[in-house]
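**Q** Predicted model and sequence follow; I will ask about them next.
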Amino acid sequence: MEGCDAGMRKKQGFTIVEILAVVVILGLLGMIGTITVTNIIRRAHLAYYQSQENMILLAGKEYYSDYRSKLPKEIGPVETVTL
């Protein structure tokens, strides 16, 4: 009976190859996820700062149109702000 039992053993655990395959797959998925999230965050930051720049330019244009009559008529030293 023991000889018969040896050929029909129950599998009780995972092999090293199976565990290694799972670790490699999880590593690849984690790496892809990290790269994707990093790119999403970078694009969100870029879009945020571009919208802030546009809001500042719009505020300057509105200020100029609202207070045009109160601005100096003479041209003197020029001060500029660049973005």
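**A** Noted; the coordinates are in hand. Numbering: from 1, shown residues only.

**Q** Check the secondary structure at the residue most central in space within the chain for me.
**A** The centroid of the chain falls nearest to residue 41 when counting by CA atoms, centre = their mean (1.9 Å). With DSSP: H, G, I helix; E, B strand; the rest coil as the basis, residue 41 sits in helix.

**Q** next one: residue 78
**A** coil.

**Q** where in the chain is pLDDT low?
**A** Applying pLDDT under 70 to the chain picks out residues 1-9, 83.

**Q** burial count for residue 49?
**A** The number of residues packed near residue 49 is 10, by other CB atoms under 10 Å. C-beta: built from backbone N, CA, C; applies to glycine.

**Q** same question but for residue 76, I mixed them up
**A** So residue 76, with other CB under 10 Å, has 6 neighbours.

**Q** Show me where this protein has its helices.
**A** Assigned by DSSP state H, the helices in the chain fall at 2-7, 16-66.

**Q** From these, pick the one with the highest average neighbour count.
**A** Neighbour counts (mean count of other CB atoms under 10 Å) averaged over each of those peak at helix 16-66, with a mean of 10.

**Q** just how off-centre is that helix within its chain?
**A** Its chain's C-alpha centre and that of helix 16-66 lie 2 Å apart, by CA atoms, centre = their mean, to the nearest Å.

**Q** Sweet, I'm off.
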